[in-house]
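S.K.: attaching a predicted model along with its sequence, questions to come.
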Amino acid sequence: QVQLVESGGGLVQPGGSLRLSCAASGFTFSIYAGNWYRQAPGKEREFVASISRTGGSTHYADSVKGRFIISRDNANNMLYLEMNSLKFQDTGMYSCVARGNSVDYWGQGTQVTVSS
């Protein structure tokens with residue numbers, strides 16, 4: 001069955017780094033764009049970053065530009081989000097999304113907490 005499983009979240013101090021991973025299975029991951037979204041407590045879910053099917057094109061929310069890097073490994077059906085210089089406001093549940101022409105697949109999310 002279709003699955004997206006995130007990992008790599010945790011508690012980190014401001015200025016620290018984390019690398020999130022998303023393992024895709026049950027579908028042809030390479031024909032889907034990859035996205036990361038996050039949702040902070042009491043706030044709406046927001047777009048973080050996206051990457052094209054081949055990895056040749058990436059886009060970032062202004063709030064993470066220059067600090068986060070999205071990447072993918074189609075051979076291993078993996079999506080990544082490298083997060084650097086983390087801030088308090090980066091706290092939230094991070095979910096990976098495989099976006100196709102007519103369907104999106106979502107993972108359950110991994111919690112990132114930035115706290116001193």
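M.R.: Ah, there it is.
S.K.: just the pLDDT for the residue sitting nearest the centre point of the chain.
M.R.: Ranked by distance to the mean C-alpha position of the chain (CA atoms, centre = their mean), the top residue is Trp36 at 3.1 Å. pLDDT, Trp36: 98.
S.K.: now do His59
M.R.: 98.
S.K.: ok, it - how many residues close by?
M.R.: 14 (other CB atoms under 10 Å). Using the backbone N, CA and C atoms, a C-beta is placed for each residue, glycine as well.
S.K.: so Gly16 sits in a strand?
M.R.: No - read with DSSP: H, G, I helix; E, B strand; the rest coil, Gly16 is coil and lies in no strand.
S.K.: tell me, how many residues neighbour it?
M.R.: 13.
S.K.: distance check, it against Arg45.
M.R.: 23 Å (CB to CB, to the nearest Å).
S.K.: ditto for Arg38
M.R.: The value you get for Arg38 to Arg45, if CB to CB is used, is 7 Å.
S.K.: out of those two, which sits in the more crowded spot?
M.R.: With neighbours defined as other CB under 10 Å, Arg38 and Arg45 compare such that Arg38 has more, 25 against 13.
S.K.: that one: what secondary structure?
M.R.: Per three-state DSSP, Arg38 ends up strand.
S.K.: pull the number of nearby residues for the closest residue to it other than its chain neighbours.
M.R.: Spatial nearest neighbour of Arg38, chain neighbours left out: Gly92 (4.0 Å); criterion: CB to CB, 6 or more residues apart in numbering. Neighbour count of Gly92, defined by other CB under 10 Å: 21.
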